[in-house]
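# got a predicted model here, sequence first, then my questions.
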Amino acid sequence: MRKSLITTAVLGALAAPSFVFAADAAPAPDLTVAYNVGLYSQYIFRGLTQTDRKPALQGGVDLTHSSGFYLGMWGSNISWLRDDYGGSPVYDKGGNLELDIYGGYRYSFGDTGLGIDVGALQYWYPGSKGHIPTDASISNPEANTTEVYAAANYKWLQFKISDVVSKAAWGFGKYGDGSGEKGRNTYYAEINANIPIGEFVGGEAMKGVTGIAHIARQEFNGINDAASYTDYKLGIQKAFDSGVNVGAYWTDTTISDTNGLWQYNGKNIGDSTGTAYIQKTF
């Protein structure tokens, strides 16, 4: 009797690891969901402040399938559609929120460090358009903008180009009377680097530290040459195991203080500035 119990216990102990191993080897889910929320000292988009240097609360959700396809939505408060640019605001009502809806496909080429990302993005600004200063009967062009994009990545370096396929591009385009040029084929070409400084330097204090570098060209094709510019970014971020990220970056553009197209509330919204943030990912 005792021998049988001991044998059973030993066999049970030997069988236990195989049971645990089978549980650990459960396949990853086909669909994953990730959330993020952050508080920023201001919202900078392509080198331009979107909140007149005031704080922004931002957040989003991403759904990614194991096949590489993904969908997402992201939002932030803004002010530029209601700010005074020396005439009348772009929007009469609303214009305090930006919602980005996007989807695409990512693919990585094994362990080479190479990857691609293609997709489409809709910038949506709820509200109603205002009117041009010289004729209150003619509405401004659409602020809502649609882009398609393609990116190539090599490890921490990315090359990306985005092209506008909608008739208007962030308030540049045809007015309510049909005058003006279409915003289609306005493009943004960028080079981004997220340098894993912590991996190169080492040490517990540098764990999760990433350097941020960016240069890009925003070209408003066929609309207004004076609207086009180059922007730059340099920054640093610290990622903690809890999912909290803190960081800061400096941005600047080639927009001059005399360029009235980018003057809101008497300020150059593409001027050199710094931004700090804290973000949480789930």
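Received, thanks. Predicted model, so just to flag it, every value in this text is computed and none were measured.

# assign a three-state SS to residue 252, would you?
Classification of residue 252 using DSSP: H, G, I helix; E, B strand; the rest coil returns strand.

# one more: residue 200?
Under three-state DSSP, residue 200 comes out as helix.

# SS state for residue 51?
Following three-state DSSP, we place residue 51 in the coil state.

# could I get the contacting residues of it?
42-43, 77-80 (CB atoms under 8 Å, 6 or more residues apart in numbering). Where you see a C-beta, it was placed from the backbone N, CA and C, and this is true even at glycine.

# kindly reformat these as JSON lines containing neighbour count.
Below are the contacts of residue 51 laid out as JSON lines (neighbours: other CB atoms under 10 Å):
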{"residue": "42", "neighbour count": "19"}
{"residue": "43", "neighbour count": "24"}
{"residue": "77", "neighbour count": "16"}
{"residue": "78", "neighbour count": "22"}
{"residue": "79", "neighbour count": "20"}
{"residue": "80", "neighbour count": "26"}
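
# mind checking which of these land in strands?
Members of these lying in strands (criterion: DSSP state E): residue 77.

# any chance of the contacts of residue 51 in CSV, plus pLDDT and distance to residue 179?
Compiled in CSV, the contacts of residue 51 are given as follows (pLDDT from 0 to 100; distance: CB to CB, whole Å):
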residue, pLDDT, distance to residue 179
42, 98, 34
43, 98, 31
77, 98, 32
78, 98, 26
79, 96, 27
80, 95, 23
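
# nearest residue to residue 123 other than its sequence neighbours?
residue 145 (4.5 Å; CB to CB, 6 or more residues apart in numbering).

# from memory the one you found sits against residue 166, does it?
Yes: between residue 145 and residue 166 there is a contact at 5.4 Å, judged by CB atoms under 8 Å.

# so which of those two has more stuff around it?
For residue 145 versus residue 166, neighbours defined as other CB atoms under 10 Å are more numerous around residue 145 (23 against 18).

# sorry, back to before: distance of the residue nearest to residue 123 from residue 30?
As judged by CB to CB, to the nearest Å, residue 145 and residue 30 stand 32 Å apart.

# over to residue 128?
Distance from residue 128 to residue 30, counting by CB to CB: 41 Å.

# so where do the strands sit in the stretch 1-150 of the chain?
Here the stretch 1-150 of the chain has its strands, by DSSP state E, counting those that start in this stretch, at 31-40, 44-45, 48-49, 56-65, 69-77, 91-94, 97-108, 114-124, 127-129, 145-154.

# do you know which of the ones you listed lies nearest residue 207?
Residue 207 lies closest, by CB to CB, to one member of these: strand 31-40, at 20.4 Å.

# and that closest one, average pLDDT?
Averaging pLDDT along strand 31-40 yields 98.

# what do you get for stretch 185-192?
Across stretch 185-192, the average pLDDT comes to 96.

# report the buried residues of that stretch.
186-188, 190, 192 (16 or more other CB atoms under 10 Å).

# export it as PDB, just CAs?
What follows is stretch 185-192 as a C-alpha-only set of coordinates in PDB (Å, rounded to 0.1, in the frame of the first residue of the first chain):
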ATOM      1  CA  ASN A 185      -1.000  65.500 -53.100                       C
ATOM      2  CA  THR A 186       0.200  67.600 -50.200                       C
ATOM      3  CA  TYR A 187       2.900  65.400 -48.700                       C
ATOM      4  CA  TYR A 188       5.000  65.000 -45.600                       C
ATOM      5  CA  ALA A 189       8.300  63.200 -45.800                       C
ATOM      6  CA  GLU A 190      10.100  62.300 -42.600                       C
ATOM      7  CA  ILE A 191      13.100  60.500 -41.000                       C
ATOM      8  CA  ASN A 192      12.600  59.400 -37.400                       C
END
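
# centre of the chain to that stretch, how far?
13 Å (CA atoms, centre = their mean, to the nearest Å).

# so residue 275, which state does it fall into?
strand.

# quick one: it and residue 236 touch, right?
No: counting by CB under 8 Å, residue 236 is not a contact partner of residue 275; they are 11.9 Å apart.
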